[in-house]
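*Asks:* Give me the fold of what follows.
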Amino acid sequence: MKISIPLITTAALFLAGMSGHAMAEQQRLFVTVTGTDVQDRAMPLVLANQVLDQGAEVRVLLCGAGGHLALAGYEAERFAPRDITPVDLLNRLMANGATVEVCAIFLPNSGHSADELREGIGIASPPDVATWMMSPGTRLFSH
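*Replies:* Numbers count the residues shown, from 1 in each chain. Sure, this is the predicted structure:
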């Protein structure tokens, strides 16, 4: 059986396109939010929303001062120019499929309980988070 060069070239291009498509599907962003300032909390969430809008999977980990954003009773500061809060950005992320969690040590060290978390926010499992972070195609952003 004789295979032509154009057929091999076409097959190679098809497979390259398939692997490129698979790589695009695997794009993921892992964001940690720890800052105390409203800008330090908002900007990572602004970027996470942009990445989510571009089709990547997003997972957010709230730790330290950033963990307060996860509390149902927490009133977050508004920031310009959109006059929204970091909590508004978190809500948009969750509404569009992002996973949002507090770090495993936040609740035990903050005096808060799981009952105080906003609906849809979970508690991260360190082994699960580590596996997710180390997966191919995952980019890390921490602030």
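
*Asks:* Pretty sure residue 103 sits against residue 124.
*Replies:* Yes: if you go by C-beta atoms under 8 Å, residue 103 and residue 124 touch, sitting 5.5 Å apart. Yep, even glycine has a C-beta here, placed from its N, CA and C like the rest.

*Asks:* list the residues that contact both of these two?
*Replies:* Here residue 103 and residue 124 have residue 61 as joint contacts, going by C-beta atoms under 8 Å, 6 or more residues apart in numbering.

*Asks:* Any regions of the chain where pLDDT drops low?
*Replies:* Under the criterion pLDDT under 70, the flagged ranges of the chain are 1-26.

*Asks:* any chance you could map the helices in it?
*Replies:* With helices called from DSSP state H, the chain shows them at 5-25, 38-53, 86-95, 106-110, 126-134.

*Asks:* Now tell me what touches stretch 97-117 from outside.
*Replies:* So stretch 97-117 is contacted by 32, 48, 52, 57-64, 67-68, 70-73, 90, 93-94, 120-126, 129 (C-beta under 8 Å, 6+ apart).
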